[in-house]
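**Student:** kindly generate the corresponding structure for this input.
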Amino acid sequence: MPVTKSHVEPSVWPESGLKIDETRFISISLGNSSINWAYHNRTAKMCNPSVFWRTPMLALDDVESESVEDLINILSRYLPEGDVGNFLYGNGGKDLKSFIEENDRRGHLPSFYLVSTNPTQTKLFSQLVSCIPCRVIELQPDDFFSEAEGAYEGMGLDRMACLRGAMCVTGVPALVIDGGTALTYTAADQNGMIIGGGISCGMGLRMQALEEHTSLPAMDVEAEIKRIVEGASRSCTPADIFATNTKDAMVIGALVEISSFVRNVTDVWMSKVGGPKKRKNGEGIENVRKNKYDFTKNHSRVVALAGGAGNLIARLLDEDDGGVLNTLPKPQIPTKFSSGLIHFGIAWLLFEKRNEVQSRPHIADSNVKSKKMSAANKEKWEKYVGESVIKDFNDDDANDEGDSQTFKGSVVSFSIWGNDEDGIGGYPLFRIVYSDGDEEDIAMSELKILIDEYKAKGSNAIDPKKNPEGYIGSRVAKTFFDTQVYFGTVQSYSDSLWKVKYDDDDEEELDRTELVEAVRKCEENRESDPKAP
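**Tutor:** Predicted coordinates for the structure are as follows:
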């Protein structure tokens, strides 16, 4: 594989998406004060980041060398040891030969996905990775939100990616507060539509403005904040907002402003989307998302926090300002801090684009010879269309226990791969659509196993607590009027209830106990079900 000069390309879909066999990639956020990286190891059901790290900004001196070896050495200094390094270089040395050998073994170029609000850093990064063959994709604002979804002209790419990440982490409605160089807030409603947001000065800018435009002293802002916060914690005595020295007055004044500012924003957001709602299982955030327009439900109105000041803001939003400030009593606002919300937003984007690609024709259809098949083969394989399957997906992020989730699916079509001119000698790939909307193509050998699994276990193999959406598409039965058994299909899941549409077009919602009983009754009366798979 020859070394080609890598350059940043704007995203174009589906070309910019992950390749079929591409399971690992790196996402990067290029901002105004640091570079934030994440390493993603894609599973069958998601692309979420698993390793995060932050580095200083690139300097021109870093990329001036024309030596490939020098640039590779500099790039390696920005990467952590372990999985990330092995992803690019394999188990060899940090040199071009090892990189190319790992590319050959992997079968495709590694991908870097950028969210950048800093054109200078984007250019420097492009020069840095020019030493290695790779793809560098710069994501665009409309990748995350369209104008129809509430995006407005000039809205920051980083804010949109961060909001998408918050929707993945907390659910909808979503409010994300990013305490970076600027203090920003951005909100979405229950349908995932952008409400709007605001931009203010971050903590550092507030102190810088006082220093530059008054005679007030300069200071190490982070050190002063740490001193005040840790002092309040050690003494169990909140800092008095009526400070008695200049530096305390500057920092505490800014903390009071930020606390009041963020609490006011949160109150107005809740007035628009409604306050916290109680749920039957007492959880604030559901664990399963179906598709782009069906995010998890943020019933507890958890506020997502990001940025370098995210943990500080979380403390200020705790009860009574987290014991930091001696102010009037204040309630706790539930928060969830993640320094990598942008990376979760990128993961969402690539997962959705991957699903769009999967909804297109089979990979077999790319074979110019796959359009033909013998009549005997067509008859032999067509009988599997409509069959039901269940499959376990091992996904460490799927639930708290780290075990597998079971999804029900159906065979919707098939295509032939590798046949000769007469349509003979090829093998079929069967398209499976799972209950959460995901799809995959599988070979005959695996299909038979999954069909046998479904026949042996049925929908009873799915745990409604761990995988509530796994029942979507399942057949159920219920007795009405004491004697009449009606059959139906699970249509959707929301708010701990499964919506069932019966064959006579009546509909109702079932809770977990009712659902399990309806699935059991359907299995008992399978021979009477007119739509039994």
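**Student:** next, the contact list for the closest residue to residue 318 other than its chain neighbours, please.
**Tutor:** Spatial nearest neighbour of residue 318, excluding adjacent residues (Cβ to Cβ, 6 or more residues apart in numbering): residue 332 at 5.4 Å. Where you see a C-beta, it was placed from the backbone N, CA and C, and this is true even at glycine. Going by Cβ atoms under 8 Å, 6 or more residues apart in numbering, residue 332 touches 317, 318, 319.
**Student:** of those, grab the buried ones for PyMOL.
**Tutor:** If you want just the buried ones from the contacts of residue 332 in PyMOL, going by 16 or more other Cβ atoms under 10 Å, the selection is:
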select buried, resi 317+318
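**Student:** for the contacts of residue 332, which one is nearest residue 14?
**Tutor:** residue 317 (40.6 Å; Cβ to Cβ).
**Student:** any figure for the gap between the closest residue to the closest one other than its chain neighbours and residue 310?
**Tutor:** Nearest residue to residue 317, sequence neighbours excluded (Cβ to Cβ, 6+ apart): residue 333, at 4.3 Å. Distance of residue 333 to residue 310, computed by Cβ to Cβ, to the nearest Å: 14 Å.
**Student:** and for residue 125?
**Tutor:** Taking Cβ to Cβ as the measure, residue 125 falls 24 Å from residue 310.
**Student:** quick one, which of the two is more surrounded?
**Tutor:** Taking other Cβ atoms under 10 Å, residue 125 and residue 310 do not tie; residue 125 has more neighbours (26 against 22).
**Student:** buried stuff in the helix or strand hosting that one?
**Tutor:** According to DSSP states H and E, residue 125 maps onto helix 119-128. Neighbour counts over helix 119-128 (16+ other Cβ under 10 Å) mark 121, 122, 123, 124, 125, 126, 127, 128 as buried.
**Student:** can you map out the strands along the stretch 101-250 of the chain?
**Tutor:** Taking DSSP state E, counting those that start in this stretch, the strands of the stretch 101-250 of the chain run over residues 111-116, 135-138, 174-179, 182-188, 194-201, 239-240.
**Student:** looking at those strands, which is buried most?
**Tutor:** strand 174-179 (a mean of 28; mean count of other Cβ atoms under 10 Å).
**Student:** identify the residues contacting that one?
**Tutor:** By Cβ under 8 Å, 6+ apart, the list of residues contacting strand 174-179 from outside reads 158-159, 162-163, 165-167, 183-188, 192, 202-203, 262, 265-266, 269, 298, 301, 303-310, 312-313, 341.
**Student:** which ones among the residues you listed are found in helices?
**Tutor:** With helices taken from DSSP state H, the overlap with the contacts of strand 174-179 comprises 158-159, 162-163, 165-167, 203, 262, 265-266, 269, 310, 312-313, 341.
**Student:** taking those together, which two end up most distant?
**Tutor:** 167 and 203, at 26.0 Å, using Cβ to Cβ across those.
**Student:** who does the longest strand seen in the chain touch, helix- and strand-wise?
**Tutor:** For the chain, the strand that runs over the most residues, judged by DSSP state E, is strand 404-417. Helices and strands touching strand 404-417, by 3 or more Cβ pairs under 8 Å, 6 or more residues apart in numbering; DSSP states H and E, are helix 375-382, strand 388-394, strand 427-434, helix 444-457.
**Student:** list the buried residues for the next helix or strand after the longest one?
**Tutor:** Following helix 444-457 in sequence order, the next helix or strand is strand 475-480 (DSSP H and E). Going by neighbour count (16+ other Cβ under 10 Å), the buried part of strand 475-480 is 475, 476, 477, 478.
**Student:** need those residues in TSV with distance to residue 138, can you?
**Tutor:** Converted to TSV, these look like this (distance: Cβ to Cβ, whole Å):
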residue	distance to residue 138
475	47
476	47
477	53
478	53
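**Student:** ok, so of the ones in helices among the contacts of strand 174-179, who is nearest residue 524?
**Tutor:** Checking those against residue 524 by Cβ to Cβ gives residue 167 as the nearest, at 40.7 Å.
**Student:** tell me who's in contact with the closest one.
**Tutor:** 174, 188, 192, 295, 348.
**Student:** how far away is it from residue 131?
**Tutor:** Counting by Cβ to Cβ - residue 167 and residue 131 are separated by 37 Å.
**Student:** buried residues, stretch 258-270. List them.
**Tutor:** 258, 259, 261, 262, 263, 265, 266, 269, 270.
**Student:** actually stretch 53-72, sorry about that
**Tutor:** Quick answer for stretch 53-72 (16+ other Cβ under 10 Å): 58, 62, 63, 71, 72.
**Student:** A helix includes the first one, no?
**Tutor:** Read it as residue 58. No - per DSSP: H, G, I helix; E, B strand; the rest coil, residue 58 lies outside any helix segment and is coil.
**Student:** for the closest residue in space to it that isn't next to it in sequence, give me the pLDDT.
**Tutor:** Excluding the flanking residues, the one nearest residue 58 by Cβ to Cβ, 6+ apart is residue 124, at 4.1 Å. The model reports residue 124 with a pLDDT of 94.
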